[in-house]
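Participant: Using only what follows, build the 3D model:
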Amino acid sequence: MTAGPGGARPRAVVVTGGASGIGAAIAEAFTAQGDTVVVLDRAPGPGIIEVDVAREDSVRSAFAAARERVGTVDVLVNSAGLLTESPLEDMSLAQWTETISVDLTGVFLCCREVIGPMRHQRWGRIITISSQLGIKGGTGLGHYSAAKAGVIGMTKALALEVSADNVLANCIAPGPIETPLVDGISEDWKAAKRKELPLRRFGLPAEVAPTALLLASDPGGNLFVGQTLGPNSGDVMP
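Facilitator: Numbering: from 1, shown residues only. Predicted coordinates:
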């Protein structure tokens with residue numbers, strides 16, 4: 001069991017988008033090591049708190065429900081996301097806005113809910129799931145790339161604001177991962193992408209989850225501040 005602040009209790013972990021894909025793998029990994037995990041997701045399910053991360057009122061309500069279950073949130077993993085495909089030339093404003101609202105504004109809204117209590121207890125870990133496309137861009141994914149680049153920039157700014165209070169904010173920028181999110185992308189795009197990757201394959205959610213455990217660990221994660229870690233099959237080599 002991993003102890004919370006002061007070693008007095010199991011840590012309380014909230015994972016948004018935790019019903020499937022990377023979020024589910026991360027939720028399972030934290031649960032396996034003894035943390036108390038609350039899953040927030042748009043999809044209903046047993047034990048899941050429903051949330052639409054793009055809506056401020058929904059986020060506030062969901063985090064209030066999470067705090068009723070576990071008290072102060074010690075670790076927040078922002079994994080909720082949306083992925084669609086379109087060349088910028090053909091992209092509607094509605095498609096652009098929807099992606100930015102879920103993939104960037106949603107991260108902001110969820111982070112804002114936990115910052116104050118984490119600073120008050122002088123311990124917290126905020127992990128945002130970005131993408132390697134936020135670093136290098138992707139054909140047909142300009143809206144997604146922009147949102148994920150914004151997540152990286154926002155996480156760095158947040159880290160500067162809160163790290164003195166022992167609240168550490170960091171990003172994970174995975175490469176293509178075999179998840180329901182990626183299922184919606186064309187087979188031509190995926191085939192071309194696999195050929196680009198030095199590893200020649202997409203990753204699995206279980207291969208990303210250990211990075212979240214590292215960033216949330218004590219002492220293993222204690223020196224990561226505003227960093228972007230990339231389990232990405234070699235697609236980006238900083």
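Participant: what about this protein, any weak spots by pLDDT?
Facilitator: For the chain, applying pLDDT under 70 flags the ranges 1-4, 6-8.
Participant: what ranges do the strands span in it?
Facilitator: Counting by DSSP state E, one finds strands in the chain at the ranges 12-16, 36-41, 49-50, 75-78, 124-129, 167-172, 228-229.
Participant: Include mean neighbour count and distance to residue 156 when you put those into TSV, please.
Facilitator: Just so you know, the C-beta spots here come from the backbone N, C-alpha and C atoms, and that holds for glycine as well. TSV is the format used below for these (neighbours: other CB atoms under 10 Å; distance: least, CB to CB, whole Å):
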stretch	mean neighbour count	distance to residue 156
strand 12-16	28	20
strand 36-41	24	24
strand 49-50	18	28
strand 75-78	29	14
strand 124-129	26	10
strand 167-172	26	8
strand 228-229	20	8
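Participant: would you turn those into TSV with distance to residue 139?
Facilitator: Below are those laid out as TSV (distance: least, CB to CB, whole Å):
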stretch	distance to residue 139
strand 12-16	28
strand 36-41	29
strand 49-50	34
strand 75-78	25
strand 124-129	21
strand 167-172	22
strand 228-229	22
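Participant: Residue 154: which of the ones you listed is closest?
Facilitator: strand 124-129 (7.7 Å; CB to CB).
Participant: Just give me how far the closest one sits from the chain centre.
Facilitator: Distance of strand 124-129 from its chain centroid, counting by CA atoms, centre = their mean, to the nearest Å, is 7 Å.
Participant: Can you tell me what sits against it?
Facilitator: For strand 124-129, contacts defined as CB atoms under 8 Å, 6 or more residues apart in numbering pick out 17, 22-23, 73-79, 81, 107, 111, 114-115, 117-118, 151, 154-155, 158, 162, 165-172, 174, 212, 215-216, 221.
Participant: can I get the CA coordinates of it in CSV?
Facilitator: The C-alpha trace of strand 124-129 is given here as CSV (Å, rounded to 0.1, in the frame of the first residue of the first chain):
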residue,chain,number,x,y,z
GLY,A,124,-0.2,16.5,-4.4
ARG,A,125,0.6,14.9,-7.8
ILE,A,126,-1.1,16.1,-11.0
ILE,A,127,-0.5,14.0,-14.1
THR,A,128,-1.9,15.1,-17.4
ILE,A,129,-2.1,12.8,-20.4
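Participant: so it versus strand 12-16, what angle?
Facilitator: 20 degrees (axes from the mean of the first three to the mean of the last three CA atoms, to 10 degrees).
Participant: List the strands paired with strand 124-129, with their directions.
Facilitator: Next to strand 124-129 in the sheet, as set by DSSP bridges, lie strand 75-78 (parallel), strand 167-172 (parallel).
Participant: Contacts made by the shortest one with the rest, please.
Facilitator: Outside of strand 75-78, the residues within contact range by CB under 8 Å, 6+ apart are 11-18, 23, 26-27, 30, 35, 106-107, 110-111, 114, 124-129, 151, 212, 216.
Participant: now do the same end-to-end measure for stretch 81-97.
Facilitator: Stretch 81-97 has an end-to-end distance of 13 Å (CA to CA, to the nearest Å).
Participant: hmm, back to that, mind putting the strands paired with strand 124-129 in CSV, distance to residue 92 included?
Facilitator: Conversion of these to CSV gives the following (distance: least, CB to CB, whole Å):
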stretch, distance to residue 92
strand 75-78, 26
strand 167-172, 28
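Participant: Give the burial count for the closest residue in space to residue 45 that isn't next to it in sequence, as a bare number.
Facilitator: Nearest residue to residue 45, sequence neighbours excluded (CB to CB, 6 or more residues apart in numbering): residue 19, at 5.7 Å. Residue 19 has 22 neighbours, counted by other CB atoms under 10 Å.
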